[in-house]
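In: pasted the sequence and its predicted model underneath.
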Amino acid sequence: MNMSGECVIPTSRQAVWEALNDPELLKQCIPGCDEVNKTSDTSFEAKVTAKVGPVRAKFSGTVEMSDIDPPNGYTISGEGSGGAAGFAKGGAKVTLTDDDGGTKLNYTVDATVGGKLAQIGSRLIDSTAKKMANDFFKKFAELLGDNETTALAGKIQPTDTGSPPAPTIASKTTPAQMKNQGGVSPTIWVTGTIIILLAMVFAFGGS
């Protein structure tokens, strides 16, 4: 799986960076997440219960960060397993840039999956992934807004493929959406240190 995309969050790069490196905040944002533990300054481990279609499993995995350049981005690599349900491993590049008073988060991902999760239909995977992505970014923005200022709570600026980004609406909550590049569905997406975690479980995508 080779994918790329972006989302815009209406708060500072520093605030987004700190949130993406906060295990407890990430745990609250990931559907089905049981644990996210920081094992060193550059690594995490996580456990997630996830399901799509007939497959349900508990996943455990590790994530390692490198090329760290706060608050501008980093590279991530990781791997994990859900036993008979399947496995995943891969890497991703994350960059954060200023965007009209907010922060644009760009990502590229290269991941490999196997086992039962590799046998599930792509349409089911994509629809589950989109829901999981929307749920994550909505919760992420709400929690980040609570930490920064209540005026930002629940806001994600939507972006649509092939059209200019919509203006940020300061007083309203908008649905979180991912922007696909090259027509690729957001089967694997970026949320800082949980990219590879979600690569491990995204084909099961918790509903």
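Out: Great, that's in hand.

In: where along the chain do the strands fall?
Out: All strands of the chain, identified by DSSP state E, fall at 2-9, 33-40, 43-52, 55-69, 73-81, 87-99, 102-114, 179-180.

In: I'd like the ones you listed as CSV, with distance to Ala15 and mean neighbour count appended.
Out: Heads up, the C-betas are built off the backbone N, CA and C, glycines and all. Shown next, in CSV, are these (distance: least, Cβ to Cβ, whole Å; neighbours: other Cβ atoms under 10 Å):
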stretch, distance to Ala15, mean neighbour count
strand 2-9, 9, 21
strand 33-40, 19, 15
strand 43-52, 19, 21
strand 55-69, 17, 17
strand 73-81, 15, 21
strand 87-99, 10, 19
strand 102-114, 8, 20
strand 179-180, 21, 20
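
In: what would the ones you listed look like in CSV with mean pLDDT and distance to Leu143?
Out: As requested, the strands of the chain are exported to CSV (pLDDT from 0 to 100; distance: least, Cβ to Cβ, whole Å):
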stretch, mean pLDDT, distance to Leu143
strand 2-9, 72, 11
strand 33-40, 80, 13
strand 43-52, 74, 17
strand 55-69, 79, 20
strand 73-81, 80, 21
strand 87-99, 83, 17
strand 102-114, 76, 15
strand 179-180, 39, 22
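
In: to Lys139, which of those lies closest?
Out: strand 33-40 (10.8 Å; Cβ to Cβ).

In: parallel or antiparallel, which strands does the closest one pair with?
Out: According to DSSP bridges, strand 33-40 has the following sheet partners: strand 43-52 (antiparallel).

In: can I get the strand it pairs with in CSV, CA atoms only?
Out: Extracted in CSV, the C-alpha atoms of strand 43-52 (Å, rounded to 0.1, in the frame of the first residue of the first chain):
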residue,chain,number,x,y,z
SER,A,43,9.1,4.8,20.4
PHE,A,44,5.6,3.7,21.3
GLU,A,45,3.8,0.4,21.7
ALA,A,46,0.0,0.0,21.4
LYS,A,47,-2.8,-2.5,21.7
VAL,A,48,-6.1,-2.2,19.8
THR,A,49,-9.2,-4.2,19.4
ALA,A,50,-10.6,-3.8,15.9
LYS,A,51,-13.2,-5.3,13.6
VAL,A,52,-14.5,-5.1,10.1
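
In: quick one, that strand and strand 55-69 angle?
Out: Counting by axes from the mean of the first three to the mean of the last three Cα atoms, to 10 degrees, strand 43-52 points 150 degrees away from the direction of strand 55-69.

In: for Leu144, find the nearest of the strands of the chain.
Out: Comparing those by Cβ to Cβ, strand 2-9 comes nearest, at 7.0 Å.

In: Thr39: what's it in contact with?
Out: Glu45, Thr62 (Cβ atoms under 8 Å, 6 or more residues apart in numbering).

In: what about it, distance to Lys27?
Out: Thr39 sits 14 Å away from Lys27, taking Cβ to Cβ, to the nearest Å as the criterion.

In: picking that back up, need the strands of the chain in CSV (columns: distance to Asp22).
Out: Formatted as CSV, these follow (distance: least, Cβ to Cβ, whole Å):
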stretch, distance to Asp22
strand 2-9, 14
strand 33-40, 9
strand 43-52, 11
strand 55-69, 14
strand 73-81, 15
strand 87-99, 15
strand 102-114, 15
strand 179-180, 24
